[in-house]
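Q: any chance you can model this:
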Amino acid sequence: MIEKTRKIPDGKAQRKDWDIVEYREPKYLYFPTADLRCPKGEACVVDGQHVKVGELIGTRHGAFFQQPIHSTVSGKVIGVEKKLHGSGDMVDCLVVENDFKYELHEDCRPRTDEEINDLTKDEFIKIIENSGLAGLGGSGFPTYIKFKTDNKIDYVLANGVECEPFVISDYQIMKHKPERVIQGLMYSMKAMDAPNGIIVIKNKYPELKESFENALRELDPMPNIKVVLTKDYYPAGWEIEVIKKATKIKVPIGKLTSDYGVLVLNVTTLYGIYRAVKRRMPITERYFSVCGNGIKNPTNFNVRIGTSVHDLIEMAGGYKDDKPKVLIVGGPMMGTNLQSDNFFVSKTTTNLIVFNEEEYKEEPCIHCASCVYSCPADLKPAQILQAYKIRDKEALEHLGVSKCIECGMCSYACPAKIHLTETMRQAKRFLKR
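A: Predicted structure coming up:
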């Protein structure tokens, strides 16, 4: 009997407790002036100019928003270089030569608690906008836009589920900086005048629950924030699943969560909110792992944003052997396959998996319905595949392919090894033409 696939190997059990290698000494840092969400941008510095940590060095432009670019080190701007982005695109990058002094820019000075208490919602939104903060769980969506709603927000949720296999960046933030995550959550609740805060984590991490609850008890007065556990399945971290587990509210696919009184923020994003509000600082560092069976010494790092991943691979001992490798940025379910390791750590990159390449043959569909049973969005990937093959837009719309969240579960569950998730992506793009 075909059953719904929910449990997948996650590769985290041992790695989450490994030591963190603090790598703060890259000679050159790379800052993209464009990315997937912002196809255009420009620098506001010139070659030879000295910059400091947290200093504005450029701006990226999207369709209806812009994102400031900040240096994560002090040093000298030495020009622009084409570099591979974690999204798979080649982009122009500002290059800063590190002087290893890490001088803070003059604007990066802490706010007092009194100043923070006096902030209005509009001021709070402007702070987040100026910090360049984007969804640090990997989405890259500008955070300040989530706050620009007139809907009454009843719940602010801290999403710490991190269900993607191999990725442990959020886990490290929750393990090492729980007080900062809570502070970012409290600031967000204050900005939205939201009475309830909820931190959602997997039930297999009781140590995180204890850590958060201990940190909450030390606050006076204790905020109205609770910790909720969710089962270990995939994709438990999907926004709609998190909301349903934490609040019992069912948000239809394609609807804004704010229409239902809920604001969901990734835990690392909340840490970024703390830095922006309290310290007037953008995100300058992040946890990043190099792992997989194709790397000699899988390693957990804490690195400056802009660091070359090629350098981190060398620090992890390099590739294990001469077998062909598969490089995946992010997780194996929703990550991006790259052809080169010549890229850099951006705000939204969390992980590099190096797999030894394995050959397999794609077989014809056997009509087993594994993809149908396993799809969290209740779609019919096999039927969508057939509709896309004949370019039937009417059928694709009827089958609801636009609701696909590209979680990768259909491809994972398919015994015929059909690239169903990629077909879903192509079908969605086809509908938009």
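
Q: any idea how far apart the tips of stretch 191-208 sit?
A: When the termini of stretch 191-208 are compared using C-alpha to C-alpha, to the nearest Å, they are 26 Å apart.

Q: same question, stretch 113-126
A: When the termini of stretch 113-126 are compared using C-alpha to C-alpha, they are 18 Å apart.

Q: would you map the helices across the stretch 101-250 of the chain?
A: Under the criterion DSSP state H, counting those that start in this stretch, helices of the stretch 101-250 of the chain are mapped to 113-117, 121-131, 143-147, 169-176, 178-192, 206-217, 239-247.

Q: give me the contacts around the fourth one.
A: For helix 169-176, the surrounding residues in contact (C-beta atoms under 8 Å, 6 or more residues apart in numbering) are 12, 16, 20, 137, 160, 162, 181, 201, 205, 207-208, 211-212, 266-268, 271, 286-289, 300, 302, 350-351. The C-beta positions use only the backbone N, C-alpha and C, and glycine is treated the same way.

Q: just the ones of those in strands?
A: Where the contacts of helix 169-176 overlap with strands, as defined by DSSP state E, the overlap consists of Ile20, Ile201, Asn266, Arg286, Tyr287, Phe288, Ser289, Asn300, Asn302, Asn351.

Q: any chance of CSV for the residues you listed, columns pLDDT and neighbour count?
A: Putting the ones in strands among the contacts of helix 169-176 into CSV (pLDDT from 0 to 100; neighbours: other C-beta atoms under 10 Å) gives the following:
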residue, pLDDT, neighbour count
Ile20, 96, 14
Ile201, 98, 25
Asn266, 96, 26
Arg286, 95, 25
Tyr287, 96, 23
Phe288, 97, 23
Ser289, 96, 26
Asn300, 97, 22
Asn302, 97, 16
Asn351, 95, 25
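
Q: coming back round to it: looking at the helices of the stretch 101-250 of the chain, which is closest to Phe343?
A: Proximity of those to Phe343 was assessed by C-beta to C-beta; the nearest stretch is helix 169-176, lying at 16.4 Å.

Q: so can I have a markdown table of the ones in strands among the contacts of helix 169-176 showing distance to Gly400?
A: Formatted as a markdown table, the entries for those read as follows, by distance: C-beta to C-beta, whole Å:
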| residue | distance to Gly400 |
| --- | --- |
| Ile20 | 43 |
| Ile201 | 31 |
| Asn266 | 26 |
| Arg286 | 35 |
| Tyr287 | 36 |
| Phe288 | 36 |
| Ser289 | 35 |
| Asn300 | 39 |
| Asn302 | 41 |
| Asn351 | 31 |
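
Q: Cys44: which of those is nearest?
A: So of the ones in strands among the contacts of helix 169-176, ranked by how close each gets to Cys44 (C-beta to C-beta), first place is Arg286, at 23.6 Å.

Q: wait, that closest one sits on Asn351?
A: No. Counting by C-beta atoms under 8 Å, Arg286 sits too far from Asn351 to count as a contact (10.5 Å).

Q: if we can go back for a sec, among the helices of the stretch 101-250 of the chain, which comes closest to Val77?
A: Shortest separation from Val77 across these is recorded for helix 121-131, at 20.6 Å, computed as C-beta to C-beta.

Q: report the rounded mean pLDDT for that closest one.
A: Across helix 121-131, the average pLDDT comes to 97.

Q: same deal with stretch 424-433?
A: The pLDDT scores in stretch 424-433 average 92.

Q: which segments of the protein make up each domain?
A: For the chain, the domain assignment from automatic domain parsing gives the residue ranges 15-106+284-356, 113-279, 370-432.

Q: show the end-to-end separation of the last one, please.
A: I take that to be domain 370-432. 28 Å.

Q: now do stretch 191-206
A: Here the two ends of stretch 191-206 are set 30 Å apart, with distance taken as C-alpha to C-alpha.

Q: tell me the buried residues in that stretch?
A: The neighbour-count criterion (16 or more other C-beta atoms under 10 Å) identifies Ala191, Met192, Ala194, Asn196, Gly197, Ile198, Ile199, Val200, Ile201, Lys202, Tyr205 as the buried residues of stretch 191-206.
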